[in-house]
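Undergrad: Could you work out the structure for the sequence below:
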Amino acid sequence: MQGDVPPPRVDHHQHLLSPAGAELLNRLADPVALPEAIERLLAERAKRWNDKQALAKLFTPDSVVLSGDAPGWIAGSLRGADFLSTRFAAAYRLVPTSYSIKGGHGHVAGYYRRGDDAQSRTLGYFHLTLDRARDGSWRIASEVPVFPGPRVQQPQTAADLVRYLDEAGIRRAVVLSDAYYFDSPKLSAHSVDKVRAENDWTAQQVMQFPERLVAFCSFNPLLDYALAELERCAASGRFTGIKLHFGTSAVDLNNADHVAKVRRVVEAVNRHRMPLIVHVRAGADYGREQARVLLDRIISAAPDVVFQIAHLWGGEQYSEAALAVYADAVAADDARMKNVYFDLAEVALVVGNSDEMARTAVARMRQIGMSRMLYGSDGPVADSMSPADAWKAVRKLPLRDDELKTIAENVAPYLSAGKRPP
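TA: Presented below is the predicted three-dimensional model:
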């Protein structure tokens, strides 16, 4: 029975979403110019949107359209046109964002959009494959519509987060700045002004609830202003610690120069006695070798502060190999692991649907020790689970009641002078 397991005392891994962050995440791919013949095809496709007979002439006789219903694929130009001509309630445009032409075949991808540029609404995504006829005209060989369109994310404030915490019965939360969005090579051209503004916005939000929330500053550790931003955050007195996201910052643990830059930042964080939370995974290549680099070169640079590995093994899809390195180091009483903790943000989402992965993850958690496991849910809530639902997911893992109670009661040393792990 798990009825007596209390809610966690702290959510150790949460985010807000600023207006600037929402604008960045809600951006759409830029339109592209198509060759004239293909541009005419898309214009006709939009013009004939509800005219079954005319629409069918734009498709090859053996074309297919994805319906989303069983069996899924609708074969034949007339049947596909019949489906598409009743799919929409009003006219729309096909806005291309990428295309490729090789010989007599090609593809176009983009958005279904309605309205003018000032008040347009993105309805969904499309992907077309194209064949060129003998007369040089292009026809649609397949159309794959995907609905709904891009999710529009709304800002989430500290007040919103506190409301979610109250619903879950959780008293406190660690709020991680999303400033690394604004100097990520994957998301944005880096801007130190935007990074600073995002860190400041997070601090201002958190300061509204000083008894409930603490803030962690963030930035890309590879960029030349990383140390300066660290110094600024530390001097402000508004931040409890530092969050690094190797994935968003494109940190390559196989790159010695990257590792050296990260180590310099971590050494400076250690001098300021600020705890670190690190999302370690930065791509598909994340296993034993990368975990050894983290232990040997980066964790070792922070001997005096809490080093919190995010998402138990480091992030995204389960890496038993990486987690094994950390668990074996704890079991071997490796001195470098004395202040290393592990948060459980989104862990249940990744391993919860596989009994085998759940068992192996829990076995490694037991090897490390439940006293090092920190509850976290991630966020913002619109992009993840609520703190309450995330705790329900953790409780479905093959953990004993006493283990769940330990996790629920754990408070990171940077929030409490509580007992450190043995």
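Undergrad: buried ones in stretch 124-135?
TA: 124-126, 128-132 (16 or more other CB atoms under 10 Å). Glycine gets a C-beta too; all of them are placed from N, C-alpha and C.
Undergrad: Packing partners of the worst-scoring helix or strand of the chain on mean pLDDT?
TA: When each helix and strand of the chain is scored by mean pLDDT, DSSP states H and E, helix 19-25 comes last, with a mean of 91. For helix 19-25, the packing partners by 3 or more CB pairs under 8 Å, 6 or more residues apart in numbering; DSSP states H and E come out as helix 192-206.
Undergrad: In PDB, could you pull the C-alpha coordinates for the helix it packs on?
TA: Extracted C-alpha coordinates of helix 192-206, given in PDB (Å, rounded to 0.1, in the frame of the first residue of the first chain):
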ATOM      1  CA  VAL A 192      24.200  38.100 -23.900                       C
ATOM      2  CA  ASP A 193      21.600  40.800 -23.400                       C
ATOM      3  CA  LYS A 194      18.800  38.300 -23.800                       C
ATOM      4  CA  VAL A 195      20.500  35.800 -21.500                       C
ATOM      5  CA  ARG A 196      20.900  38.400 -18.800                       C
ATOM      6  CA  ALA A 197      17.300  39.600 -19.300                       C
ATOM      7  CA  GLU A 198      16.000  36.000 -18.900                       C
ATOM      8  CA  ASN A 199      18.000  35.400 -15.800                       C
ATOM      9  CA  ASP A 200      16.800  38.600 -14.300                       C
ATOM     10  CA  TRP A 201      13.200  37.800 -15.200                       C
ATOM     11  CA  THR A 202      13.500  34.500 -13.400                       C
ATOM     12  CA  ALA A 203      15.000  36.100 -10.300                       C
ATOM     13  CA  GLN A 204      12.300  38.700 -10.200                       C
ATOM     14  CA  GLN A 205       9.600  36.100 -10.400                       C
ATOM     15  CA  VAL A 206      11.100  33.900  -7.700                       C
END
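Undergrad: helix or strand right after that helix?
TA: Heading C-terminal from helix 192-206, the first helix or strand you meet, by DSSP states H and E, is strand 213-218.
Undergrad: Show me what that next one is packed up against.
TA: Contact here means 3+ CB pairs under 8 Å, 6+ apart; on that basis strand 213-218 packs against helix 158-168, strand 172-176, helix 192-206, helix 226-236, strand 241-245.
Undergrad: and that strand, which strands flank it?
TA: strand 172-176 (parallel), strand 241-245 (parallel) (DSSP bridges).
Undergrad: Identify whichever of those lies nearest to Ala37.
TA: Among these, strand 241-245 comes nearest to Ala37, with 44.0 Å by CB to CB.
Undergrad: Only the C-alpha atoms, please, for that closest one, written as PDB.
TA: What follows is strand 241-245, C-alpha atoms only, in PDB (Å, rounded to 0.1, in the frame of the first residue of the first chain):
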ATOM      1  CA  GLY A 241      22.900  28.000  -7.900                       C
ATOM      2  CA  ILE A 242      23.700  27.400 -11.600                       C
ATOM      3  CA  LYS A 243      21.900  25.300 -14.200                       C
ATOM      4  CA  LEU A 244      23.900  24.000 -17.200                       C
ATOM      5  CA  HIS A 245      22.100  22.300 -20.100                       C
END
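Undergrad: which residue sits closest to Glu346, ignoring its sequence neighbours?
TA: Among residues not flanking Glu346 along the chain, Asp378 sits closest, at 5.0 Å (CB to CB, 6 or more residues apart in numbering).
Undergrad: Am I right that Tyr414 is in a strand?
TA: No - counting by DSSP: H, G, I helix; E, B strand; the rest coil, one finds Tyr414 to be coil, located in no strand.
Undergrad: Any regions of this protein where pLDDT drops low?
TA: Under the criterion of pLDDT under 70, the regions of the chain flagged as low confidence span 1-3, 117-119, 188-189, 381-383, 417-422.
Undergrad: repeat that for 50
TA: Applying pLDDT under 50 to the chain picks out residues 1-2, 418-422.
Undergrad: Let me know the outermost residue of this structure.
TA: Of all residues in the chain, Asp135 has its C-alpha farthest from the mean position, at 47.0 Å, by CA atoms, centre = their mean.
Undergrad: Can you read off the backbone torsions of it?
TA: Backbone dihedrals for Asp135, given as degrees, to the nearest 10, come out at phi -80, psi 0.
Undergrad: quick one: the helices in the stretch 251-400 of the chain?
TA: Along the stretch 251-400 of the chain, counting by DSSP state H, counting those that start in this stretch, helices occupy 256-271, 288-293, 311-314, 320-331, 347-351, 355-368, 387-395.
Undergrad: Can you tell me what sits against the shortest one?
TA: The contact list for helix 311-314 (CB atoms under 8 Å, 6 or more residues apart in numbering) reads 278-281, 286, 291, 294, 319-320, 322-323, 326, 342-347, 350, 361, 365.
Undergrad: again with the fifth one
TA: Residues from elsewhere that reach helix 347-351 (CB under 8 Å, 6+ apart): 311-312, 316-318, 357-358, 361, 385, 390, 393-394, 396-397.
Undergrad: Among these, name the buried ones.
TA: Neighbour-count burial (16+ other CB under 10 Å) applied to those gives 311-312, 316, 318, 357-358, 361, 385, 390, 393-394, 397.
Undergrad: With respect to Arg139, which of those is nearest?
TA: Nearest to Arg139 among the buried ones among the contacts of helix 347-351 is Glu316, at 39.9 Å by CB to CB.
Undergrad: excluding its backbone neighbours, what's nearest the closest one?
TA: Using CB to CB, 6+ apart, the nearest residue to Glu316 is Arg281, at 5.1 Å.
Undergrad: how many neighbours does Pro398 have?
TA: Using other CB atoms under 10 Å, Pro398 has 11 other residues around it.
Undergrad: so what's it closest to, chain neighbours aside?
TA: Take Pro398 and drop its neighbours on the chain: the residue closest to it by CB to CB, 6+ apart is Val362, 5.3 Å away.
Undergrad: Against Met370, how distant is that neighbour?
TA: 10 Å (CB to CB, to the nearest Å).
Undergrad: if we can go back for a sec, can you pull the contacts of the residue nearest to Pro398?
TA: 397-399.
Undergrad: now Pro96
TA: Per CB under 8 Å, 6+ apart, neighbours of Pro96: 31-32, 34, 42, 108-110.
Undergrad: between the residues you listed, which is closest to Asp304?
TA: The closest of the contacts of Pro96, once distances to Asp304 are taken by CB to CB, is Ala109, at 50.3 Å.
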